[in-house]
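Trainee: got a structure for you, letters missing:
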């Protein structure tokens, strides 16, 4: 499977313009779906990029750290609303929760002390914890979104403390190995792109050091390739249950905070950045480290994703996120997902037989169709799906009534003549108004 020729040309043009205008030595841009690379656009000669060349992920690493936090939550190691002091006793900032750290709403400042990001080797967990003080909290939790690398360093320490294993070991065993991401590594492995600063005046390349970020590794350490990131994009779009169930990944992709309160074009979930482009919301994450920028973004409904790597810090006149979002928008617009084939529903079974048909509420008509032992309800700007929870009791599992209860109310003759959905009462009688 590949892109249509005109779509591929548009992606090639986006890549070429970004590399030229951004003055980056090497740029890789790929469109992926279901673990496969549908189209690869590589521009530049330092190095000539290909799908198996490693670049540094930067903060895309946070999505893997967050995945491990959710795994351990699901396994009962802790709750997301645990206060930090429960797992890091004695810390002066122990009043924030794991959930707040994941969603960048803890009030923590962006970086730890010591300049780890600016070309400095990171210290160990003890050094990170020793540098914490009340002054690291810039404000109360949930006052506003405040992106914090420090928060993810602390989440990494929590992972290590509750499991007794290093973050590096955990990410290999819990995420990379199950998904077959063999070219995603803690340190670079050949072939990899060297990272540069490009001189603003004469264009000379100044190679950046590739330092171990130590205790801050959970915030931005990993290296990867387009082919490996295709597997990670596939996981975000169609989760692999051996890593996380779909409902947990859905939880990660639900907004915790809007990070752009003026135009609502960006938000953050539990370790996942959210980007609104027109009427769509894409999920993923950006990343940067000295000498590198990266971006991964996925349209979960169509399972299409885009990966963008460049080996210079920043792109003159553009941004790596804009490159990835423009490419993904172009592909989703030009090549929408093929609708699933219609199949006749399973015959009604059990109690669903009595609920199928037309219902009215406040003069509006609704229809319930039975699909085996499930129900689908449609009406004016409405769709809900229910599954049976107990006799005469159904639970909404999708749509407008997700999480709500449908009660089948029986008349004197024992037949179902009304439905109570979250206290809204539906009747078989079109004249019923309450």
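Mentor: Happy to help now that I have it. Since the model is a prediction, treat every value here as computed from it, not as a measurement. Numbers count the residues shown, from 1 in each chain.

Trainee: domains in this structure, as residue ranges please.
Mentor: Here the domain parsing of the chain from automatic domain parsing is 5-334, 352-427.

Trainee: switch those over to TSV; also include distance to residue 345 and mean pLDDT.
Mentor: Yep, even glycine has a C-beta here, placed from its N, CA and C like the rest. TSV is the format used below for these (distance: least, CB to CB, whole Å; pLDDT from 0 to 100):
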stretch	distance to residue 345	mean pLDDT
domain 5-334	22	93
domain 352-427	4	94
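
Trainee: next SSE after the longest helix along the chain?
Mentor: Longest helix in the chain, counting residues (DSSP state H): helix 5-22. Where DSSP states H and E defines the elements, the next helix or strand beyond helix 5-22 is strand 26-33.

Trainee: quick one: contacts for the spatially most central residue of the chain?
Mentor: Using CA atoms, centre = their mean, the residue of the chain that lies closest to the mean C-alpha position is residue 272, 3.5 Å off. Applying CB atoms under 8 Å, 6 or more residues apart in numbering to residue 272 gives the contacts 63, 66, 236, 252, 253, 283, 284, 285.

Trainee: just confirm residue 68 is within a strand.
Mentor: No - with DSSP: H, G, I helix; E, B strand; the rest coil as the criterion, residue 68 is assigned helix and is not in a strand.

Trainee: residue 178 is in contact with that one, correct?
Mentor: No - using CB atoms under 8 Å, residue 68 makes no contact with residue 178, being 11.6 Å away.

Trainee: so those two - more neighbours on which side?
Mentor: residue 68 (23 against 13; other CB atoms under 10 Å).

Trainee: how near is the more buried one to residue 262?
Mentor: For residue 68, the distance to residue 262 (CB to CB, to the nearest Å) stands at 33 Å.

Trainee: again with residue 94
Mentor: 33 Å.

Trainee: what segments of the stretch 101-250 of the chain are helices?
Mentor: For the stretch 101-250 of the chain, applying DSSP state H, counting those that start in this stretch gives helices covering 125-130, 149-163, 167-171, 177-179, 217-220, 226-237, 246-252.

Trainee: would you tell me which one of the ones you listed is buried the most?
Mentor: helix 217-220 (a mean of 26; mean count of other CB atoms under 10 Å).

Trainee: so what does it touch, helix or strand wise?
Mentor: With contacts defined as 3 or more CB pairs under 8 Å, 6 or more residues apart in numbering; DSSP states H and E, helix 217-220 has these neighbours: helix 61-74, helix 149-163, helix 167-171, strand 280-289.

Trainee: between the ones you listed, which one is nearest to residue 242?
Mentor: helix 61-74 (10.4 Å; CB to CB).

Trainee: and the angle for that closest one with helix 149-163?
Mentor: Here the directions of helix 61-74 and helix 149-163 differ by 40 degrees (axes from the mean of the first three to the mean of the last three CA atoms, to 10 degrees).

Trainee: just how off-centre is helix 61-74 within its chain?
Mentor: 11 Å (CA atoms, centre = their mean, to the nearest Å).

Trainee: and if you look at stretch 21-32?
Mentor: 22 Å.

Trainee: need the distance between the two termini of it.
Mentor: Start-to-end span of stretch 21-32 (CA to CA, to the nearest Å) is 24 Å.

Trainee: which residues in the stretch 301-434 of the chain form strands?
Mentor: 304-310, 357-361, 364-371, 374-379, 382-390, 393-399, 405-410, 416-421, 424-427 (DSSP state E, counting those that start in this stretch).

Trainee: tell me the most buried of those strands?
Mentor: Buried most deeply of the strands of the stretch 301-434 of the chain, by mean count of other CB under 10 Å, is strand 304-310, with a mean of 30.

Trainee: residue 220 contacts residue 287, doesn't it?
Mentor: Yes - under the criterion of CB under 8 Å, residue 220 makes contact with residue 287 at 6.3 Å.

Trainee: who touches both of the two?
Mentor: Joint contacts of residue 220 and residue 287 (CB under 8 Å, 6+ apart) are 57, 58, 59, 61.

Trainee: burial check on the last one, number of neighbours?
Mentor: In this case it means residue 61. Neighbours of residue 61 (other CB under 10 Å): 30.

Trainee: kindly report the same for the first one.
Mentor: Using other CB under 10 Å as the criterion, residue 57 is surrounded by 29 other residues.

Trainee: in a markdown table, list the strands of the stretch 301-434 of the chain along with distance to residue 48.
Mentor: Below are the strands of the stretch 301-434 of the chain laid out as a markdown table (distance: least, CB to CB, whole Å):
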| stretch | distance to residue 48 |
| --- | --- |
| strand 304-310 | 13 |
| strand 357-361 | 64 |
| strand 364-371 | 53 |
| strand 374-379 | 52 |
| strand 382-390 | 50 |
| strand 393-399 | 47 |
| strand 405-410 | 60 |
| strand 416-421 | 60 |
| strand 424-427 | 62 |
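
Trainee: nearest to residue 344, of these?
Mentor: Of all those, strand 364-371 comes closest under CB to CB, at 9.7 Å.

Trainee: let me have the helices of the stretch 101-250 of the chain in TSV, extended by distance to residue 105.
Mentor: Shown next, in TSV, are the helices of the stretch 101-250 of the chain (distance: least, CB to CB, whole Å):
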stretch	distance to residue 105
helix 125-130	21
helix 149-163	9
helix 167-171	22
helix 177-179	29
helix 217-220	16
helix 226-237	21
helix 246-252	15
